[in-house]
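# just to be clear, the model below is a prediction. Sequence and coordinates:
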Amino acid sequence: MTINITTNTDVTANPQKQEPTAGAEPVFTETMQHADVKLSKVLFTRGGSEILLLGKGRGRCLALWERDDGIDPFRVLATKNTDIDPNDACKLPENRVCIGYADGSLAIFNTDKEDLVLMSRIPPVHNGCASRAICRHGNGVLSASSNGTLSAVDVETGTSRTVFSGQAGIRSICTTFGNNVVMAGDSNGQITIWDLRENPEAMTKIPDPIKTLIPSKKALDPVTALTSHPAQSNLVCLGTDDGVVGLIDARNIRGANITSTYLVAKKGITQVQFHPTCSDNLLVSASDGSLVRIDASAAPIAVGTRSTKDTVWLEGDLINSLRSESIRYDGIYPISSFDIHSDTVVATSSIGMVSLYQQLPFFPHSNFGRF
C-alpha cells in the first residue's frame with residue numbers, strides 16, 4: 001500500500017509508486033516509547049544523539065531524552081515541568097534551543113551537558129497572546145502569534161520588535177534568502193511574504209508585504225506548515241489543513257509563485273521538511289497519522305541551459321517523476337511533529353507516543369526499491 005499523490009487540480013495524475021514485493025518483510029520498523037504527556041514538538045539535538053520533547057496539557061514539560069540500546073529506544077536525561085504550555089521550538093547554534101510558550105514568552109535552554117539548562121527567559125512579546133510558531137532568524141528568532149503578529153526577537157538581549165501585525169492567526173512561518181525574507185501562513189489560507197531587508201533601520205515602521213499567495217482552491221484552507229529547502233533558498237514547501245502539499249518558486253521574490261500542489265493526506269498536514277543533506281527527499285506528516293516520504297530524484301533534467309539555482313523540485317514535469325512511500329500509514333493517532341537526522345526519523349503524537357524509524361532510504365546506496 002502506498003499513499004497516492006494527486007495534483008490539486010481538476011485533472012488527477014498519479015506518480016510512479018514503489019510497491020512492496022509479495023511476501024517481503026516490511027521495509028520500515030517503528031519502535032515506540034510512551035512519554036505520558038501530549039507531545040507537540042520533537043527536535044534532534046547534540047548531533048542526533050538526543051531529542052528534545054515538548055509536552056502540553058496535564059503534565060506539561062520539557063524533556064531531554066538520549067538514544068539507548070535497551071528495550072526502549074530512549075532513556076530520560078532531564079525533565080523540566082512548566083506552568084505554561086510550550087508550543088514550538090527551534091534549534092540555535094552551540095546546542096541551544098529556543099522554546100515558544102502559550103503566553104507569548106520565550107526561553108533559551110542549553111542541552112550540551114545532557115541536561116536542560118535555562119540560559120535566559122524572555123517576557124511575552126505578543127501582548128499576552130500565544131507564541132504559536134517560531135523559527136531561527138540570523139542570531140535571533142522570529143515568533144508568530146495567534147493574534148496575527150510576528151515579532152523579531154534578539155535572544156541575547158531579550159529585546160523584540162514587531163515585524164508585522166493584522167494577519168489572521170498565523171499557523172506557520174519560515175525564512176528564505178539567508179533569513180532575509182519571511183513567509184507566514186495563516187488561518188485564512190494565505191501565505192504572506194515580507195522582505196526584512198527593506199528599511200532595516202526603521203524599527204518602528206511596520207513594512208508592507210511584498211507578495212501574497214493562496215495555495216489551495218478550497219476557501220479558508222489554513223496553511224499549517226512551511227519549510228525552506230536546505231540548500232536552495234529559492235524553494236519553499238507548504239502544507240494545508242486540507243491535506244495539500246505545494247511548492248513555491250521564489251527565485252524572484254516579488255514574482256514568487258506556487259508551481260505545483262498535490263493532495264497527499266486525508267487530513268491536515270502537520271509538518272513538511274526536506275532531508276537536510278539529501279534534499280531530493282521530502283517528508284510529510286499529517287493528522288490522519290501518516291508519515292510519507294516523497295522522492296523527486298527521478299525528475300528529468302531540463303533540456304538546455306539551467307540556472308545553478310534550480311532544483312529537481314522545480315522541474316516542469318515533476319508529477320510524472322515523483323515517487324511516494326509510506327513510512328507510517330494513516331492510523332488512530334496523528335503525527336504532531338518529526339525531525340530527521342541522517343537515515344533516522346523521530347516522530348511524536350498528541351497521545352504521547354514517540355516513534356523512531358531507522359535505516360530509511362534517503363541515500364542513493366540504501367538497499368531499497370530502485371536504488
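Right, received. Where do you want to start? Values in this document were obtained by computation on a predicted structure and should not be read as measured data.

# CA atoms only for stretch 227-239 - export them in CSV, please.
This file holds the C-alpha atoms of stretch 227-239, laid out as CSV (Å, rounded to 0.1, in the frame of the first residue of the first chain):
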residue,chain,number,x,y,z
THR,A,227,9.7,24.9,5.3
SER,A,228,12.5,26.1,3.1
HIS,A,229,14.9,24.0,1.1
PRO,A,230,18.2,23.4,3.0
ALA,A,231,20.5,24.2,0.0
GLN,A,232,18.4,26.4,-2.3
SER,A,233,16.8,29.4,-0.7
ASN,A,234,14.5,29.9,-3.8
LEU,A,235,12.4,26.8,-2.9
VAL,A,236,9.7,26.6,-0.2
CYS,A,237,7.3,23.8,0.6
LEU,A,238,3.9,24.3,2.2
GLY,A,239,1.1,22.2,3.7
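
# and it, what's buried?
Thr227, Ser228, His229, Gln232, Ser233, Asn234, Leu235, Val236, Cys237, Leu238, Gly239 (16 or more other Cβ atoms under 10 Å). All C-beta spots, glycine's among them, are computed from the backbone N, C-alpha and C.

# pick out the lowest-pLDDT one from the residues you listed.
Among those, Ser233 carries the lowest pLDDT, at 79.

# so it sits against Asn179, correct?
No: Ser233 sits out of contact with Asn179 when judged by Cβ atoms under 8 Å, with a separation of 9.1 Å.

# distance to Tyr101 for the buried residues of stretch 227-239 - can I get that in JSON lines?
Below are the buried residues of stretch 227-239 laid out as JSON lines (distance: Cβ to Cβ, whole Å):
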{"residue": "Thr227", "distance to Tyr101": "22"}
{"residue": "Ser228", "distance to Tyr101": "25"}
{"residue": "His229", "distance to Tyr101": "29"}
{"residue": "Gln232", "distance to Tyr101": "33"}
{"residue": "Ser233", "distance to Tyr101": "29"}
{"residue": "Asn234", "distance to Tyr101": "33"}
{"residue": "Leu235", "distance to Tyr101": "31"}
{"residue": "Val236", "distance to Tyr101": "26"}
{"residue": "Cys237", "distance to Tyr101": "27"}
{"residue": "Leu238", "distance to Tyr101": "25"}
{"residue": "Gly239", "distance to Tyr101": "24"}
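
# in strands, which of those fall?
Thr227, Ser228, Leu235, Val236, Cys237, Leu238, Gly239 (DSSP state E).

# farthest-separated two in those?
Pairwise distances among these were taken by Cβ to Cβ; the largest, 14.6 Å, belongs to Leu235 and Gly239.

# can you show me the strands along the stretch 251-371 of the chain?
With DSSP state E, counting those that start in this stretch applied, the stretch 251-371 of the chain shows strands at 257-263, 269-274, 281-286, 291-295, 323-328, 335-341, 344-349, 353-357, listed in chain order.

# other SSEs contacting the last one?
Yep, that's strand 353-357 we're talking about. strand 30-34, strand 38-45, strand 323-328, strand 344-349 (3 or more Cβ pairs under 8 Å, 6 or more residues apart in numbering; DSSP states H and E).

# and among those strands, the most buried is which?
Mean neighbour count, computed with mean count of other Cβ atoms under 10 Å, is highest for strand 344-349 among those, reaching a mean of 24.

# ok, residues contacting that one?
35, 39-42, 44, 48, 51, 53, 283, 285, 289, 291, 327-328, 333-339, 354-360 (Cβ atoms under 8 Å, 6 or more residues apart in numbering).

# now those: which count as buried?
The neighbour-count test (16+ other Cβ under 10 Å) marks 35, 39-42, 44, 51, 53, 283, 285, 289, 291, 327-328, 334-339, 354-357, 360 as buried among these.

# where do the helices sit along the protein?
If you assign secondary structure with DSSP state H, the chain ends up with no helices.

# so, low pLDDT: which residues of it?
1-27, 198-207, 300-310, 316-317, 364-371 (pLDDT under 70).

# cutoff 50 now
Counting by pLDDT under 50, the chain shows low-confidence ranges at 1-16, 19-26, 202, 302-309, 365-371.

# surely Ala225 meets Leu238?
Yes: if you go by Cβ under 8 Å, Ala225 and Leu238 touch, sitting 6.5 Å apart.

# quick revisit: tell me which of the strands of the stretch 251-371 of the chain lies nearest to Ala78.
Checking the strands of the stretch 251-371 of the chain against Ala78 by Cβ to Cβ gives strand 353-357 as the closest, at 15.4 Å.

# the closest one pairs with which strands?
Sheet neighbours of strand 353-357, with direction, are listed as strand 30-34 (antiparallel), strand 344-349 (antiparallel) (DSSP bridges).

# just the CA atoms of the shortest one, as CSV, please.
These are the backbone C-alpha positions of strand 30-34, laid out as CSV (Å, rounded to 0.1, in the frame of the first residue of the first chain):
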residue,chain,number,x,y,z
GLU,A,30,8.5,1.6,14.0
THR,A,31,9.9,1.5,17.6
MET,A,32,7.7,3.3,20.1
GLN,A,33,8.0,4.7,23.6
HIS,A,34,5.4,6.5,25.7
